[in-house]
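J.: Fold the following for me, if possible:
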Amino acid sequence: MTKRKHKLPLKAALKMGLSIKKPVRFCFTVLLATVAFAMTGLAILVGCYDEGRAKVQTYAQFGDVVSLYPTETLTYDTVKQLSSEWGLPCGAVSSADAYYECGEEEANGLFSYIIEHHVHATLQTRAVACFDEELLSAEGIELLAGEGGLAEREVLIPSCFANGLLACGLAESAEELVGQELELRFSSPTAVVIAGVYQNDACTYAKQYANTNGGFSVTLGSCAGAKPYTGALFVSGDFYQTLAKNADVGYFAGDGSASTGEKVRDFFDSHPEYKSELFQPFTALREHIAKLTGAFGAVGGVLAAFSALMIFQFINLSIDGKRQMIGILRALGGRSADVLKIFLIESGFLGVLSGALAVALAAGLVPLCNQMIVPVFQMSVAIVAYQPLALIGVFVLCVAVSLLSALFPVLREAKKRPVDVIKFAEE
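T.: Here you go, the predicted structure:
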């Protein structure tokens, strides 16, 4: 008489499948699978490169300040309008010559002041700028004296301009310059009040060196910064509009959000008359990025195969550890399908746990991966972007690989006779 087969209850199958005989080995396998699938995830994200998403990620990661360069003209009203639409603090810079005249005797002491204090000192500027306080902070502009808030006719002067005023004897320190009235010459004489002094890090200091005649020569400092606002006078928005009709460049403080990044990206994509330093690298690097993404796609496949082999080995070892339990279950009337259920539960749990950790790790490594790519391209560009469908695909892949890796050895074990399983376990 054939012994009746009994269906193993799901609760019992779960208990048996989730009973970890070798916790250290299990944790080690989960760790390796997590790292391998996280790297697979990053490779897939690079392989699924999308320029639109990459621009948004670049904004979120590197867009502390977004520049707006016009190909023709840019008005301050346009800058303010975009600031309102994007919800970002803004600023603008315009070329505008301005200088301060001091007496001949004081002016003659300017050169001596430079040599004595080893600083750059000037009494002229070639730009005016109006920045919200948030934008000043985002650009790391440090005040040496005074406050950032500006009223009409108030100005923030750069440290090099302040040095020139100190050389003319207007004060003994930057703090004493705050509150003083000046008459600056733009297109016409204009009365202003110094509200503060900011540190102009772009200044190069005066250098003294021996010349071939045995004497000494002096190289004077200058404001040779890369930013258009280098050495500029900062003024209020209203005052800015009286000094400049158009802006050479607009600025916006970034908020690091993907939603704002999409607005900024869409604007530049639909307005070719404006450019931004933030997105310009994508044009220059398209060919290089294409080569890189193709290579990473192949790496992702290799890492997925490696993960499958690890899980396959773990399931084989798990079967060896539970062989006696399987033999007893089969001898008591358990079905081959029950054995399959137990180990699919175990491998599924391994896949779900590894997959969840791998997705979390891959998502967390996206900014770091982009940061490591910056030195390669010598440009701040994020080619690894968050793509929800790709990350979900990594999780599904991890679970599927775990189940498929376990399927073959489990089916092989499930087909064995109970007596053969017990006899092999005793050996």
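
J.: From now on I want contacts and neighbour counts done on CA atoms only, so please keep to that.
T.: Fine.

J.: so how many other residues sit close to Leu82?
T.: Leu82 has 17 neighbours, counted by other C-alpha atoms under 10 Å.

J.: One more: the one 3 residues further on?
T.: Counted by other C-alpha under 10 Å, the residues lying close to Glu85 total 12.

J.: Same question for Pro158.
T.: With other C-alpha under 10 Å as criterion, Pro158 counts 25.

J.: beta partners of it?
T.: Beta-bridge partners for Pro158, by DSSP bridges, are Tyr198.

J.: mind listing the helices for the stretch 1-150 of the chain?
T.: 10-17, 23-47, 51-62, 76-86, 104-117, 133-138 (DSSP state H, counting those that start in this stretch).

J.: and of those, who's closest to Val381?
T.: Closest to Val381 of the helices of the stretch 1-150 of the chain is helix 51-62 (C-alpha to C-alpha; 5.6 Å).

J.: what residue ranges in the chain score low on pLDDT?
T.: 1-21, 104-108, 206-221, 224-225, 294-295, 297, 300, 319-336, 338, 413-427 (pLDDT under 70).

J.: Including distance to Glu152, could the helices of the stretch 1-150 of the chain go into TSV?
T.: Listed next are these as TSV, based on distance: least, C-alpha to C-alpha, whole Å:
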stretch	distance to Glu152
helix 10-17	75
helix 23-47	50
helix 51-62	33
helix 76-86	17
helix 104-117	29
helix 133-138	16
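
J.: quick one: which of those helices is nearest Leu361?
T.: Leu361 lies closest to helix 23-47 among those, at 5.9 Å (C-alpha to C-alpha).

J.: List of residues touching the closest one?
T.: Applying C-alpha atoms under 8 Å, 6 or more residues apart in numbering, the contact partners of helix 23-47 are 20, 292-297, 299-301, 303-304, 306-307, 310-311, 314, 350, 353-355, 357-359, 361-362, 365-366, 383-387, 390-391, 394, 398.

J.: tell me which residues in that helix are buried?
T.: Neighbour counts over helix 23-47 (16 or more other C-alpha atoms under 10 Å) mark 26, 29-47 as buried.

J.: Which of the contacts of helix 23-47 fall in strands?
T.: Nothing among the contacts of helix 23-47 maps onto strands, per DSSP state E.

J.: Leu350: neighbour count?
T.: Other residues within reach of Leu350 by the criterion other C-alpha under 10 Å amount to 24.

J.: Do I have it right that it meets Ala400?
T.: No: judged on C-alpha atoms under 8 Å, Leu350 makes no contact with Ala400 at a distance of 10.8 Å.

J.: and the gap between Leu150 and Gly179?
T.: Taking C-alpha to C-alpha, to the nearest Å as the measure, Leu150 falls 12 Å from Gly179.

J.: nope, Leu144 is what I was after
T.: Taken as C-alpha to C-alpha, the span from Leu144 to Gly179 is 14 Å.

J.: which residues sit in contact with Pro281?
T.: Residues near Pro281 by C-alpha under 8 Å, 6+ apart: Met379, Ser380, Val381.

J.: Of these, select the buried ones using a PyMOL command.
T.: In PyMOL, a selection of the buried entries from the contacts of Pro281 looks like this (16+ other C-alpha under 10 Å):
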select buried, resi 380+381
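
J.: domain assignment for this protein?
T.: By the assignment in automatic domain parsing, the chain contains the domains 10-58+284-426, 64-277.

J.: Please tabulate the contacts of Pro281 in JSON lines and include distance to Asp248 as additional columns.
T.: Shown next, in JSON lines, are the contacts of Pro281 (distance: C-alpha to C-alpha, whole Å):
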{"residue": "Met379", "distance to Asp248": "23"}
{"residue": "Ser380", "distance to Asp248": "23"}
{"residue": "Val381", "distance to Asp248": "24"}
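
J.: Make CSV out of the contacts of Pro281 and add secondary structure and distance to Ser236.
T.: Shown next, in CSV, are the contacts of Pro281 (DSSP: H, G, I helix; E, B strand; the rest coil; distance: C-alpha to C-alpha, whole Å):
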residue, secondary structure, distance to Ser236
Met379, coil, 33
Ser380, coil, 31
Val381, coil, 33
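
J.: Can you tell me how far the most centrally placed residue in the chain is from Ser112?
T.: Closest residue to the average C-alpha location of the chain: Gln61 at 2.3 Å, with C-alpha atoms, centre = their mean. According to C-alpha to C-alpha, Gln61 stands 46 Å off from Ser112.
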